[in-house]
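# Dropping the sequence and predicted coords here.
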Amino acid sequence: MITTPEQANDQIVAAHNAYKQAKEISPRQRADWLAEIASALEANADELVALGQQETHLDEGRLRFELRRSVFQLRLFMDEIVHGEHLDATIDHADPSWGMGPRPDIRRFSVPLGVVGVFGASNFPFAFSVMGGDSASALAAGCAVVHKIHEGHLQLAVRTGAVVEEALKKAGAPAGLFSTVVGRQAAEALVDHPLVKAIGFTGSTAGGRALFDRASRRPTPIPFYGELGSINPVFVTQAAWSARREQILTGYVASFTMGMGQFCTKPGLLFAPIEDADDIAEVLHRELSSKQVSPLLSPKLREGFDKALNAVRSTPGVDVLVAGDDSEAPRPTVLVTSAEEVRQRPDILEQEMFGPATLVIRYAPGTDLAELAALLDGQLTATVQAEPEEDVKALLAVLRERSGRLLWNAWPTGVTVSYAQHHGGPYPATTATTTSVGTAAISRFMRPVAYDSFPPSQLPEPLRDDNPWWIRRRVDGVWESAAAGEASK
C-alpha cells in the first residue's frame, strides 16, 4: 500500500493535468463537485465511522460529529464560492480625472495556485484529514489535491479517499483532481515536486518544521501552511478568581481533558492567583475523577506525551498537584509551578504536553500579567477569564501579538467553522498568518492577478462588465452584490 516515488510522481502529474482542465470552470460547477463529495460522505457514514472505531480509540459519537463537521464545511464552502467572495474580483474602470493622474482600466481577481499537497493529522481522522479543512479549501479554491494519508488511521483514510474520488468522478470532475498517497517517500515527493505549488500540514512541530525547511530549500520555494503546536494559555484575573474560582476550575478541567487532551487548542497553561495549591486540589480531584479516560490515539502519540510530561514534571520548581498514572488509558495529570520559576525558566512555557496533562502557574497578588504573557511564544489561542469592569487592555495587547484567537470567559477547545473564524497564530503555532478553518481558509491556495488595459473580449469571466458568473465584486471602489450580475441577465 506504500506509494512509491514513481507512483507519487504519476499522481502529481495527473493532478496537474486535472487542475489545468478545471481551473476555468464556473464557481457553480465547482460547488456541485463539493456537493457530491458531501453527499457521498453522508451516504457512507456508517462504514467510515466503523473503520474509525476500529483504528482509533475515538467513540462513535465523536467520529459522527467530526464527519458532520466535514460535510457542513463542504456545503459552507459551496455557498462561499458561488457568491465569489474567494475571488476578490475588483474592477477599476479607466478614469482620466483620477487624483494621481489618469488611471488605466485595471481589473484583478484571485486564481488557484495549482496542485496542493495536504498532510493529514492524526488526532482528527475526519476534520483535519482526507477531506478536512485543507483539502476542502484547496478544492474550493480551484486547486487539485494530493493528500498524504496519516497512517494512524490508514484504512479509514484510504476508504475516505476512495469515496471522494468516486464522488468527483460521478460529478464529472477530471480524473486526478483528488488522490491519496501513503508513506514517507511519497511525502517527500509532495514537498519536492515542481508541479506542487503549496503544502497544507497539521502535525508536530518537529515534523512540520522539517517539511517547512524542505519546502523553503526548493529551487522555487512554495508556501507551506503548517499548524505545528500550541499550548493555549489561560489567564485568570484576581477579580475573576474571587468571583468564580470553582466555576473556572471546572471549565478548565473539562477543556484540557476533552478528547484526552489531544486537541490542538487544549489549554495547557493556567495562570491563576493561587495562594495555596492545596486549596484547589480538592476541586481538581473531584472534577478529574468523573472524567472518562481512554487510550491515546496511537502508540507514537503516547510515546511523545510520556516524554513531554516527564520533561516538564522533572523541571526544577515544578510539582505534581494531581498525579495521573501510566496505565493504557492514563488518568489526567496536573502540574504546578510559580510565576517566579517561570521568569527564571521561561522555556517551561514552550513544552507542549499533547495529552491529558496541564501546568498551573501560581502568581502573587499585584503581578503584572502582561509581563508574564510576554514570555510566551506564538499560540493558536489565548484565553482571559476576567470581570467585565476590569481593565485588562495591557494583557490583551500582549496576547494579541502572540495569538490568533482571543477568548473572553470561554474555553478554546471546539473550533467552529464559520466566516469570522481564525485558526492560526504566530510561529510556532503556524508557519503563516492565515487560517486553516473557516471560509477565509480558501484564500490560502489562491493568488491575485491584475489585468491592465485589456479589451473586453480578452477578459476572464469574473472581470467582465456583464458579470456572467453573478459574483460579488468591487467596482470603482463600491461593492456590488452577487445579485447584480443575475439582474443584468
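That came in fine, so what should we check first?
# residue contacts, G226?
Counting by C-beta atoms under 8 Å, 6 or more residues apart in numbering, G226 touches 199-203, 208-209, 211-212, 430-432. Quick note: C-beta positions are derived from backbone N, CA and C, even for glycine.
# What of R343?
With C-beta under 8 Å, 6+ apart, R343 has these contacts: 372, 375.
# Check the secondary structure at it for me.
Three-state call for R343 (DSSP: H, G, I helix; E, B strand; the rest coil): helix.
# end-to-end on stretch 167-177?
11 Å (C-alpha to C-alpha, to the nearest Å).
# Quick one: residues in contact with it.
Residues contacting stretch 167-177 (C-beta under 8 Å, 6+ apart): 11, 14-15, 17-19, 21-22, 32-33, 35-37, 39-41, 139, 144-145, 178.
# Out of these, which sit inside helices?
11, 14-15, 17-19, 21-22, 32-33, 35-37, 39-41, 139 (DSSP state H).
# Would you show me how to pick out the buried ones of those in PyMOL?
Buried residues among the ones in helices among the contacts of stretch 167-177 (16 or more other C-beta atoms under 10 Å), as a PyMOL selection:
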select buried, resi 11+14+15+17+18+19+22+32+33+36+37+39+40+41+139
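# Could you chop this protein up by domain?
5-228+432-446, 233-408 (automatic domain parsing).
# would you list those in TSV and tack on mean pLDDT and distance to S418?
Shown next, in TSV, are these (pLDDT from 0 to 100; distance: least, C-beta to C-beta, whole Å):
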stretch	mean pLDDT	distance to S418
domain 5-228+432-446	96	6
domain 233-408	95	12
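# Highest mean neighbour count out of those domains?
domain 5-228+432-446 (a mean of 20; mean count of other C-beta atoms under 10 Å).
# Over to that domain now: how far is its first residue from its last?
From start residue to end residue, domain 5-228+432-446 stretches across 27 Å - C-alpha to C-alpha.
# how about a markdown table for the domains of the chain, with distance to F454 added?
Formatted as a markdown table, those follow (distance: least, C-beta to C-beta, whole Å):
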| stretch | distance to F454 |
| --- | --- |
| domain 5-228+432-446 | 7 |
| domain 233-408 | 38 |
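# do you know which of these lies nearest P426?
Among the domains of the chain, domain 233-408 comes nearest to P426, with 3.0 Å by C-beta to C-beta.
# State the distance from the spatially most central residue of the chain to G226.
With distances taken as C-alpha atoms, centre = their mean, S436 lies nearest the centre of the chain, 3.7 Å away. According to C-beta to C-beta, to the nearest Å, S436 stands 9 Å off from G226.
# just F235 next, same as before
Counting by C-beta to C-beta - F235 and G226 are separated by 27 Å.
# next one: T202
Distance from T202 to G226, by C-beta to C-beta: 8 Å.
# again with G142
22 Å.
# what sits in contact with each of S436 and G226?
What both S436 and G226 touch, as defined by C-beta under 8 Å, 6+ apart, is the set 200, 202, 430.
# On the three-state scheme, I361 is what?
strand.
# so it bridges to which residues?
Beta-bridge partners for I361, by DSSP bridges, are F271, T337.
# next one: the longest helix seen in the chain to chain centre, how far?
When the chain is parsed with DSSP H, its longest helix is helix 60-83. Distance of helix 60-83 from the chain centroid (C-alpha atoms, centre = their mean, to the nearest Å) equals 14 Å.
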